[in-house]
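Visitor: whatever this is, show me its structure:
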Amino acid sequence: MRSGPGTNYATVTTVPAKSELLVCADLFTPATYEGIKGNWRKVNYKNKIGYMFDGFLAPVTTSAQTSDFKIAQLLIINKILAQDISKLDSVLTYLTQVAIDNGYEKIIGPPLEDKESNFEQETEVVAEEEKTPEKEEVKEIPVIDFKMVTEAYNYCGDITELDPGKLWYSIYKKGNEYFLKRTDILILRSKYSLGTGLEFDIKADKGEKPTFLIQSSKRLDTNWYVTEDVDFFVRNPKSLYPGQMVEIYAKDPVADIHNVTLFATGNVTNVGLCPEMTDYKIQVTGEMNDDLIVQNLTPMFTDLGTCGIPEIFWFGDINQDLYPDVIFLSTGENGLSFTFFVSDTRKNNVLYRKAFEWFNHNCE
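Guide: Model prediction:
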């Protein structure tokens, strides 16, 4: 390959016999070499631009079937990449395998250009210098901070974390559905004490009796519901023993890609009211950001309860990202402990983060 249409131009590169390259239709300087008449033509070989004598070149014979297959593949690639360029590698890997399976090993090419090919233009084309791609700006997904409490009387825990001036919502049940609405939280000194310290009554200002209350750092859409399947915990375990699992949903009890599965692992060494276990873990698995994730939730529990197996208190999509959030209840000698997990879509290779713990312990 020469830098110009003639042997007097500098050599750009050497093209081995039987190599494939792109050839411009325009004819340049006529010439005869080794008794063969032809013309110099502009060519592209492995992204290098130059000139070659076409008397030593022969067209590649391509069947219509192969050509149609290639065009179809490239159209698929363009359609997908127009929506999400990050899927390039996975798309090419899949289509290459399809091509191989159909006997077309070398027909996968780059996406079709929106403009005409460089070889169909009259102006001279000079290879551009390789540019370092700019880093794609990663947008941070804002984290919503939550606190969760239940209505309580004679509460003797720390109330300094509860700010009545923040955004509070009531999660209440009506029929077989849960609803969410704005409310105010009241924290009042208990009229009668059960212990020796300060005790408080915590409740919603008005309206239906809530299943629980949440404080949110961001305003939530109150056009919201979660359908309760009345037989859900008849068909599924509420407390997960080793080997048991349950699929939970965000809004309605239907199959959905955002559903996740809670399951427990471990070894039961002795049965009883509270079975003796070793290596007990509560785990969750589901698909998020195109990845199948398995996460161990156990290290995020402060209290697993007397028997070491908390129960599912409630689940549904509180942070409104289509994934179910879940609250566990641990019952112990000192009272109740609630552990609130919310889904985490920030591409951290996890499904959940612990949002809050609420302890409603005995005051005696």
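
Visitor: gap between the residue nearest in space to the middle of the chain and residue 344?
Guide: Geometric centre of the chain, nearest residue: residue 289, 1.5 Å, by C-alpha atoms, centre = their mean. As defined by C-beta to C-beta, to the nearest Å, residue 289 lies at a distance of 10 Å from residue 344. Where you see a C-beta, it was placed from the backbone N, CA and C, and this is true even at glycine.

Visitor: which pLDDT value does the model give the closest residue to residue 184 other than its chain neighbours?
Guide: Closest residue to residue 184 apart from its sequence neighbours, by C-beta to C-beta, 6 or more residues apart in numbering: residue 205 at 3.9 Å. On pLDDT, residue 205 comes in at 87.

Visitor: what count of nearby residues applies to the closest residue to the residue nearest to the centre of the chain other than its chain neighbours?
Guide: Spatially, and ignoring its direct neighbours in sequence, residue 289 is nearest to residue 347 (5.1 Å; C-beta to C-beta, 6+ apart). The tally of other residues near residue 347 (other C-beta atoms under 10 Å) stands at 12.

Visitor: one more: residue 200?
Guide: 18.

Visitor: hmm, it is touching residue 186, no?
Guide: No - the criterion here is C-beta atoms under 8 Å, and residue 200 misses it with residue 186 at 9.6 Å.

Visitor: what sits against residue 169?
Guide: 180, 181, 182, 183, 213, 214, 215, 216, 220, 222 (C-beta atoms under 8 Å, 6 or more residues apart in numbering).

Visitor: residues in contact with whatever helix or strand residue 261 lives in: which ones?
Guide: Using DSSP states H and E, the element containing residue 261 is strand 260-270. Applying C-beta under 8 Å, 6+ apart, the contact partners of strand 260-270 are 240-248, 275-286, 309, 312, 323-324, 326, 351.

Visitor: centre of the chain to it, how far?
Guide: Here strand 260-270 is found 26 Å from its chain centre; the criterion is C-alpha atoms, centre = their mean, to the nearest Å.

Visitor: low-confidence ranges, the chain, go.
Guide: Counting by pLDDT under 70, the chain contains low-confidence ranges at 60-141, 364.

Visitor: pretty sure residue 299 sits in a strand.
Guide: No - Residue 299 is assigned helix when assessed by DSSP: H, G, I helix; E, B strand; the rest coil, not a strand.

Visitor: that one - how many residues pack around it?
Guide: 7.

Visitor: what does the one 5 residues further on give?
Guide: Neighbourhood size, residue 304 [other C-beta under 10 Å]: 17.

Visitor: how close does it sit to residue 242?
Guide: Where residue 242 is concerned, residue 304 sits at a distance of 13 Å (C-beta to C-beta).

Visitor: in which helix or strand would I find residue 294?
Guide: strand 291-296.

Visitor: so how far is that strand from its chain's centroid?
Guide: On C-alpha atoms, centre = their mean, the centre of strand 291-296 falls 11 Å from that of its chain.
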